[in-house]
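Engineer: how would this look folded up:
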Amino acid sequence: MAWPITLQTERLVLRPWKESDAEALFSYATDPDIGPRAGWPAHKSVEESVQAIRDVLAMPETFAITLREAHGTSAPVGAIGLKVGEASDLAIGNNQAELGFWIGKPLWGKGYMPEAVREVMRHGFCDLGLEAIWAGHSDDNDQSRRVQEKTGFVRQRTIKDRPRKLVGDYKTEDVNWITRDEWDILQNADPIDGATLVAQQREADAIGSSTPRIAYIRSGGQTGADRGALDAAREAGVAICGWCPPGGLAEDMPQAPGLLADYPELKEGESQGYVERTAWNVRDSHATLIIAPTGLEPKSGTEMTARFSEDYGRPCLVIRSIETRHHAQRRRPAREQDARHVCPHKEGRRAAACR
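Structural biologist: Sure thing, here's the model as predicted:
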């Protein structure tokens, strides 16, 4: 397709940049959370934004992201574009392209960026005949990572300490890609027309807002915060569960039925003492919370809880100071970053969660 062209989605118009867009560009490009994450320094003047449009943005296959309105389109709120072949900073073929994008912070979290990326991918594969599209993100740019994951990009390699000339630093960067064949499979597996995407997002929002964040509080029921967690859960109408030693043994309830008299929802383990029930409560939880103002005492039950969390691959959050809400230690397996169900367990300082 001959440049210039305009692309449209359900909510967006992607069009070529104009020098008259400089003030709109400047309003977003001054944000230190925008440019440096994308690899360029924050703009310091409208004149600098004008120069950026002339030298970088007013190029073929680079689009201004604008919102559709009843009477035409609005000013740019972001940018997206393809660098084809040798124009890319990556070593890619002439029939491949590198994708770059950013959008103003007030527009984050509204689904605009994945919507724009999908349309540019369609344009690249269908109109330009590309065989693959590449995209990268620094290891601290979670927004870009999530957009790429949502739109089907797959990690291909990691570049350690990649120099970023415009900002004068080095970043570890994950490089992702998607081939034409992979993109074709996605189109057949999951329709991505604008109306479908909007409907899916609305349904997801409705489900998310109605889903309880905590389904169960799991605790071994010892003194202190462990038992307090069970009591607080009951008061809040949250179901409780947990493993305890045989006979409901607790430090202040040595005789059967012990804890089970007040907390019949708990189940007895098989082994005497507290080690087994500690392990089982961690094992059966989605995440474990440890409140340890003095830290994890070596060879203590609290340290044992943290060790079991790591052994079972469960997220574990250690809070050393409640007053400052300082998260002193966090152990979260890579594939469990979104664990949300947190609850308490043992010795007034340990906690676990399950659903």
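Engineer: Excluding chain neighbours, what is closest to Ser144?
Structural biologist: Excluding the flanking residues, the one nearest Ser144 by C-beta to C-beta, 6 or more residues apart in numbering is His137, at 3.8 Å. Every residue, glycine included, has its C-beta placed from N, CA and C.
Engineer: What is the neighbour count of that neighbour?
Structural biologist: His137 sits with 22 neighbouring residues when counted by other C-beta atoms under 10 Å.
Engineer: Helix or strand: which one has Arg320?
Structural biologist: strand 316-321 (DSSP states H and E).
Engineer: Next, the buried residues of that strand.
Structural biologist: Across strand 316-321, burial judged by 16 or more other C-beta atoms under 10 Å covers Cys316, Leu317, Val318, Ile319, Arg320.
Engineer: Next: stretch 80-99.
Structural biologist: Going by neighbour count (16+ other C-beta under 10 Å), the buried part of stretch 80-99 is Ile80, Gly81, Leu82, Lys83, Val84, Ser88, Leu90, Ile92, Gln96, Ala97, Glu98, Leu99.
Engineer: residues touching the closest residue to the fourth one other than its chain neighbours, list them.
Structural biologist: On the basis of C-beta to C-beta, 6+ apart, the spatially nearest residue to Lys83 that is not a chain neighbour turns out to be Glu98, at 4.5 Å. Listed by C-beta atoms under 8 Å, 6 or more residues apart in numbering, the contact partners of Glu98 are Leu82, Lys83, Ala87, Ser88, Asp89, Leu90, Ile92, Ile133, Trp134, Ala135, Gly136.
Engineer: I'd like the residues you listed written out as CSV, with distance to Leu107, secondary structure and pLDDT added.
Structural biologist: As requested, the contacts of Glu98 are exported to CSV (distance: C-beta to C-beta, whole Å; DSSP: H, G, I helix; E, B strand; the rest coil; pLDDT from 0 to 100):
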residue, distance to Leu107, secondary structure, pLDDT
Leu82, 21, strand, 95
Lys83, 23, strand, 93
Ala87, 27, helix, 86
Ser88, 26, coil, 86
Asp89, 26, coil, 79
Leu90, 27, coil, 81
Ile92, 29, coil, 86
Ile133, 22, strand, 96
Trp134, 24, strand, 94
Ala135, 19, strand, 94
Gly136, 21, strand, 90
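Engineer: Am I right that the residue nearest to Lys83 is in a strand?
Structural biologist: Yes. Counting by DSSP: H, G, I helix; E, B strand; the rest coil, Glu98 is part of a strand.
Engineer: which residues of the stretch 201-350 of the chain fall in helices?
Structural biologist: Here the stretch 201-350 of the chain has its helices, by DSSP state H, counting those that start in this stretch, at 225-236, 259-262, 275-283, 301-312.
Engineer: Which of those helices sits closest to Leu249?
Structural biologist: For Leu249, the closest of those is helix 259-262, at 7.5 Å, according to C-beta to C-beta.
Engineer: now the helices of the stretch 201-350 of the chain as JSON lines including mean neighbour count and mean pLDDT?
Structural biologist: As requested, these are exported to JSON lines (neighbours: other C-beta atoms under 10 Å; pLDDT from 0 to 100):
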{"stretch": "helix 225-236", "mean neighbour count": "18", "mean pLDDT": "89"}
{"stretch": "helix 259-262", "mean neighbour count": "18", "mean pLDDT": "94"}
{"stretch": "helix 275-283", "mean neighbour count": "22", "mean pLDDT": "93"}
{"stretch": "helix 301-312", "mean neighbour count": "19", "mean pLDDT": "91"}
